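Trainee: Provide a 3D model corresponding to the input given below.
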Amino acid sequence: MAAGGFCKLPNGSVVVALNLPSPSGSGGGCVRFLVLAQNRARALTRLRNLGLRAVYLRGNAAPPTPDEITAVLHHPDGLIWRTAPDTGFAGPEAVQELWHPIRALLRRPAAQA
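Mentor: Predicted structure coming up:
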């Protein structure tokens, strides 16, 4: 179910894109993560350190698009996400939500007193 891929940039860094089940535990939907790192191993380590333990990149079936690469390059954290379309790749004509910083996905709701 998890699809992913990578793209090596001219400066030697790598953008890794992964579609994973939503870590929020809501039971449905996938999330597309984009990670900018020095290499693929470090990109996956960044996700694992955030609690996404079973993250692997096998193959290059769903590499990041040029728009996705631009989005992650312009984000200060170099780690963003949004919900993945149900039909796989949605072309540029499809309306999609904006990219979110990783803090917005992993933020836990405040405990009610």
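Trainee: ok, the strand or helix carrying residue 80: who's next to it in the sheet?
Mentor: Secondary structure assignment for residue 80, by DSSP states H and E: strand 79-83. Next to strand 79-83 in the sheet, as set by DSSP bridges, lie strand 30-37 (antiparallel), strand 100-101 (antiparallel).
Trainee: touching the first one from outside, list them.
Mentor: Read it as strand 30-37. Outside of strand 30-37, the residues within contact range by Cβ atoms under 8 Å, 6 or more residues apart in numbering are 1, 13-23, 43-44, 46-47, 52, 64, 68-69, 71-73, 75, 78-84, 99, 102, 105. Every residue, glycine included, has its C-beta placed from N, CA and C.
Trainee: next: stretch 59-66.
Mentor: The contact list for stretch 59-66 (Cβ under 8 Å, 6+ apart) reads 3-7, 15-17, 19, 34, 72, 89.
Trainee: any weak-confidence spans in this protein?
Mentor: Low-confidence segments of the chain (pLDDT under 70): 1-2, 23-28, 86-95, 106-113.
Trainee: most centrally placed residue in it?
Mentor: Closest residue to the average C-alpha location of the chain: residue 33 at 0.5 Å, with Cα atoms, centre = their mean.
Trainee: so which bits of the longest helix seen in the chain are buried?
Mentor: Secondary structure of the chain read by DSSP state H shows that its longest helix is helix 40-49. Within helix 40-49, the residues that count as buried by 16 or more other Cβ atoms under 10 Å are 40, 43-44, 46-47.
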